[in-house]
Each structure stands twice: as C-alpha cells, then as structure tokens.
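Asks: Could you look at this predicted model? Sequence included:
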Amino acid sequence: MTENRDKIVAELKGIIRDIPDFPKEGIIFKDITTLLKDGKKFRNAIDRISERYDGKKIDKVVCIEARGFVFGGPIAYKLGAGVVPIRKKGKLPHETHSVEYDLEYGKDCLEVHKDAILPGENVLIIDDLLATGGTMSAVCDLVEKKLGAKIVEVAFLIELTFLKGRNKLKGRKVFSLIEF
C-alpha cells in the first residue's frame, strides 16, 4: 500500500507546473491548476489527504480562502464533517472573529463566523500550500483562541520545505502530501 501511495504522490508532484517570476520576479510559483483539471489526479489528492483522517472524529474542516476551499469541501464530504470558510475581512455576512497578521510587506486580516465552530470541536485546517507559515499560524490562533476548537492537524497539498514554514507551526501536527 505504501509503495502505491508513494507512486500516486510522485505522479501528483510531477503534474504540478512551475511558473517562473510569478507573481513577481524571483518567485517560482507552484501552479496546481494542472492537478485540479485532471479528475483522476484531483480525486487521488483528495483521497490521499482524507484517508489520513479516517476515524479521527473530525467535526469541522476549516479551509482558507481561496485555494483552501478547493480542498476543504471534498475532504469534509469524505469525512462527514462540516466546512468552515476562513475569509478575508469583510467577506462574511454574519458576526465574525478576526485575526490580523504580518505579511512580507504589510498586514492582512482573516475572519470566521463566531458561530462556525463550537468550543471543543475537533477541527482539521486545510490549505493548498505551506510557505512561510504566517497565514496558517494566524488561522490556528483564530480557531483555538477565539472559537475554542481543538486542532487535530493542519494539512497542505504542498509544502515548500526550503521556506521552513513549519517553524511558525511548532507544537502543531503538520501534514503535507507533496514536498518541494
């Protein structure tokens, strides 16, 4: 089973396209649209991530705008869990909790509905990419400190290991399906 899983992950990694100098010079962007447009490979990615959480009693899958939404819905469906979107400031219609965090140049703010997660619920947080870890660290604070949830793990389709994003997530369980 592990050999087959490794083969599938290698196939997924191989389909992700590099886009040089996007969104700015010196960056090599990992384009996942090549994986998303291939139904079989997209299903394999969702299945490989989801199977890790079978039997873990996940109540909610928290997904981060925008590409995290692509993975959060199908994973929640497979786990029989609810979906909780984390959105940029001003995008959610009801009462929210927010967290402000530092970006490379400036600050950003993310929000979640106050009634999205009950205290003590088990959550999985999913996003497409772990780079520096700043966004995920802020989301973890929002979910734990403002909503009282228990984070089972934070998961990513891709991790850019050379950026050492796990350092900002110390003390948390972190899973990434694909590493570059």
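Replies: Cool, the structure landed.
Asks: Flag every buried residue along stretch 3-23.
Replies: For stretch 3-23, a neighbour-count test (16 or more other CB atoms under 10 Å) marks Ile8, Val9, Leu12, Ile15, Ile16 as buried. From N, CA and C alone the C-beta is placed, and that goes for glycine too.
Asks: for stretch 114-127, same thing?
Replies: Ala116, Ile117, Glu121, Asn122, Val123, Leu124, Ile125, Ile126, Asp127.
Asks: would you list every one of the helices in the chain?
Replies: 2-15, 33-36, 39-51, 67-79, 134-141 (DSSP state H).
Asks: Show me what the longest one is packed up against.
Replies: Helix 2-15 makes packing contacts with helix 33-36, helix 39-51, strand 174-179 when contacts are defined by 3 or more CB pairs under 8 Å, 6 or more residues apart in numbering; DSSP states H and E.
Asks: Skip the chain neighbours and tell me the closest residue to the residue nearest the centre of the chain.
Replies: In the chain, the C-alpha closest to the average C-alpha coordinate belongs to Asp127, at a distance of 1.5 Å (CA atoms, centre = their mean). Closest residue to Asp127 apart from its sequence neighbours, by CB to CB, 6 or more residues apart in numbering: Gly68 at 4.1 Å.
Asks: In CSV, could you pull the C-alpha coordinates for stretch 63-78?
Replies: Output of stretch 63-78 as CSV, limited to C-alpha atoms (Å, rounded to 0.1, in the frame of the first residue of the first chain):
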residue,chain,number,x,y,z
CYS,A,63,-10.4,25.9,4.8
ILE,A,64,-8.6,29.1,4.0
GLU,A,65,-9.6,31.5,1.1
ALA,A,66,-9.3,30.8,-1.7
ARG,A,67,-7.5,27.7,-2.8
GLY,A,68,-8.0,26.0,0.5
PHE,A,69,-11.8,26.0,-0.4
VAL,A,70,-11.0,23.7,-3.3
PHE,A,71,-9.7,21.0,-0.9
GLY,A,72,-11.8,21.7,2.2
GLY,A,73,-15.2,20.9,0.7
PRO,A,74,-14.4,17.5,-0.8
ILE,A,75,-12.3,16.5,2.3
ALA,A,76,-15.1,17.4,4.6
TYR,A,77,-17.6,15.5,2.5
LYS,A,78,-15.4,12.3,2.7
